[in-house]
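Visitor: what shape does this take:
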Amino acid sequence: KEDKQVLADLRKLKKQISDERIKIKRELSQSADEFDDYIKTTGKPLDDTIDKIATDVKEFEDHQKAVRLDTVKSYLANKASEYMLDPRLFDEKALEYIKAGDFMADGMTLKKATMKSLDDMVTFEFQKQQEFEKAKATISGQCAEYGMTDQPYIRMLRDLTLVEVLEQIKSDYAFEKQKQEMERARQEREQRLAAQQA
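Guide: Numbering: from 1, shown residues only. Take a look at the predicted model:
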């Protein structure tokens, strides 16, 4: 009986401690919440200013990038016209040269190293197209020699080397010759059979 009384008293004491803890926590939290609200309210103008400046900086940087891109594209267009190339070939690659480090301090003038890089890109494309034209001429000549059309083989140049395409032409020509031989042999057999039957 005494133990039950002690247990009840201890439980009552524990509840009183818990209630007091909750009350004190609520009071302490209230001042923290008030302080948090105060900081949010007074900090709002600062946040608005930061957002506005960040937006302006982003717009300025986007404008600078657009100006730099125009500069690069204009340079590439001039170089491409010297080689009679379509400047649109370089539109995608131009994006690689719009970093601030590719320009002088004024942000509008290309550095010499950047110009050299762009010149090399245009020259490389010109050489690539020259090689493609030579390859096309070689394929056309080979096909003319064999009496075949060259368009399918020219299209193959996108995926295969010139040597592989020429091998394909020879292979197709040999296959066509074999087919013609078989057809001629079949016709001769039919003619002999017809002659024998006659």
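
Visitor: which stretch of helix or strand covers residue 105?
Guide: Following DSSP states H and E, one finds residue 105 outside all helices and strands.

Visitor: dihedrals phi and psi, it?
Guide: phi -60, psi -30 (degrees, to the nearest 10).

Visitor: for it, give its distance to residue 149.
Guide: 58 Å (C-beta to C-beta, to the nearest Å). Every residue, glycine included, has its C-beta placed from N, CA and C.

Visitor: now do residue 64
Guide: Distance of residue 64 to residue 149, computed by C-beta to C-beta: 52 Å.

Visitor: more neighbours: these two, which one.
Guide: Comparing residue 64 with residue 149 by other C-beta atoms under 10 Å, the one with more neighbours is residue 64, at 15 against 10.

Visitor: centroid residue for this structure?
Guide: Centroid-nearest residue in the chain: residue 92, 9.1 Å away (criterion: C-alpha atoms, centre = their mean).

Visitor: which SS class is it?
Guide: Per DSSP: H, G, I helix; E, B strand; the rest coil, the secondary structure class of residue 92 is helix.

Visitor: from here on, count from 34
Guide: In the new count, where the first residue is 34, that last one comes out as residue 125.

Visitor: how about it, what does it touch?
Guide: Residues counted as contacts of residue 125 (C-beta atoms under 8 Å, 6 or more residues apart in numbering): none.

Visitor: longest helix in this protein, please.
Guide: helix 35-115 (DSSP state H).

Visitor: determine the set of other helices and strands touching that one.
Guide: helix 124-127, helix 145-179 (3 or more C-beta pairs under 8 Å, 6 or more residues apart in numbering; DSSP states H and E).

Visitor: TSV please, covering those and showing mean pLDDT.
Guide: TSV is the format used below for those (pLDDT from 0 to 100):
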stretch	mean pLDDT
helix 124-127	91
helix 145-179	93
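
Visitor: right, and those helices - which one's nearest residue 222?
Guide: For the helices and strands packed on helix 35-115, proximity to residue 222 was assessed by C-beta to C-beta; helix 145-179 is nearest, at 26.9 Å.

Visitor: and the helix or strand just after that closest one, average pLDDT?
Guide: If you walk from helix 145-179 toward the C-terminus, the next helix or strand you reach (DSSP H and E) is helix 184-189. Here helix 184-189 scores 90 as its mean pLDDT.

Visitor: hmm, back to that, for the helices and strands packed on helix 35-115, give me JSON lines that also has distance to residue 44.
Guide: Shown next, in JSON lines, are those (distance: least, C-beta to C-beta, whole Å):
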{"stretch": "helix 124-127", "distance to residue 44": "77"}
{"stretch": "helix 145-179", "distance to residue 44": "81"}
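
Visitor: out of these, which comes closest to residue 203?
Guide: Nearest to residue 203, of the helices and strands packed on helix 35-115 and by C-beta to C-beta, is helix 145-179 at 8.1 Å.

Visitor: what's the distance between that closest one and the middle of its chain?
Guide: Here the centre of helix 145-179 is set off from its chain's centre by 24 Å, with C-alpha atoms, centre = their mean, to the nearest Å.
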